[in-house]
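Asks: Kindly generate the corresponding structure for this input.
(one chain, ligands or ions: 1)
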Amino acid sequence: MPDDCCGETRFIADRMLGTLTRYLRFMGYDTTSANQLALGNTKEDTLLLDMAVQDHRILLTRDAELARRGKDQAVLVRSEDVMEQVQQLIDSEQIERRVTMSRCSLCNTLLREANTCEIQNAEYAPKDWRNISFRWCERCRKLYWNGSHGTQLEERIGKG
Ligand SMILES: [Zn+2]
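Replies: Numbering: from 1, shown residues only. From the prediction side, this is the model:
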């Protein structure tokens, strides 16, 4: 498996693909979202294309016209179902079937190992720490652990 930083496909997703964005982050893929942009930009499509080119990201879109404009830099996501969307990207060899829990699903920041203090202060954390690896988003100050989202997601993605 390649290192997180080297040569992996990076994505930018349109506003229709919020759930896919979160899934890709759980799968370890650097994914920015149009949802992070301010609303009301009438040239948002052009902006997304520019960002894709400048930042070397594949533009994921449900908009056929936008995908056509993006040429090789864009992928038209065909299904409305998130698991079918993941499967399309696996089939086209853009991504691997895996769950890394290495990025924050909310903000795309790389997670680091949580320290004891952070785990203890999170009231939503499980109290039995055995066999659990905790991770932390510095930006959202949010605790993640295998099983919080991972177990369910791993099952869904693992089945294919
Ligand atoms: Zn975050």
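
Asks: mind checking the SS state of the spatially most central residue of the chain?
Replies: Centroid-nearest residue in the chain, with C-alpha atoms, centre = their mean: R25, separated by 2.4 Å. Under the three-state scheme (DSSP: H, G, I helix; E, B strand; the rest coil), R25 adopts helix.

Asks: The nearest residue to it once chain neighbours are set aside: what's it in contact with?
Replies: Spatially, and ignoring its direct neighbours in sequence, R25 is nearest to R103 (4.2 Å; C-beta to C-beta, 6 or more residues apart in numbering). Quick note: C-beta positions are derived from backbone N, CA and C, even for glycine. Listed by C-beta atoms under 8 Å, 6 or more residues apart in numbering, the contact set of R103 reads 25-26, 28-31, 109-111.

Asks: what are the phi and psi angles of R103?
Replies: Backbone torsions for R103, taken as degrees, to the nearest 10, come to phi -130, psi 150.

Asks: Beta-bridge partners for it, please?
Replies: L110 (DSSP bridges).

Asks: Relative to the ion, how far out is it?
Replies: Counting by C-beta to the ion, to the nearest Å, the gap from R103 to the ion is 8 Å.

Asks: Sketch out the low-pLDDT regions of this structure for me.
Replies: 1-6, 148-152, 159-160 (pLDDT under 70).

Asks: For it, which residues are neighbours of the ion?
Replies: Residues of the chain found near the ion (C-beta under 5 Å from the ion) are 104, 106-107, 109, 137, 139-140.

Asks: Show the buried residues in the residues you listed.
Replies: 104, 137 (16 or more other C-beta atoms under 10 Å).

Asks: Can you lay out the residues of the chain next to the ion as JSON lines showing secondary structure and distance to R98?
Replies: As requested, the residues of the chain next to the ion are exported to JSON lines (DSSP: H, G, I helix; E, B strand; the rest coil; distance: C-beta to C-beta, whole Å):
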{"residue": "C104", "secondary structure": "coil", "distance to R98": "17"}
{"residue": "L106", "secondary structure": "coil", "distance to R98": "20"}
{"residue": "C107", "secondary structure": "coil", "distance to R98": "21"}
{"residue": "T109", "secondary structure": "coil", "distance to R98": "19"}
{"residue": "C137", "secondary structure": "strand", "distance to R98": "20"}
{"residue": "R139", "secondary structure": "coil", "distance to R98": "23"}
{"residue": "C140", "secondary structure": "coil", "distance to R98": "23"}
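
Asks: What segments of this protein are strands?
Replies: 11-13, 31-33, 58-61, 74-76, 112-113, 134-137, 142-145 (DSSP state E).
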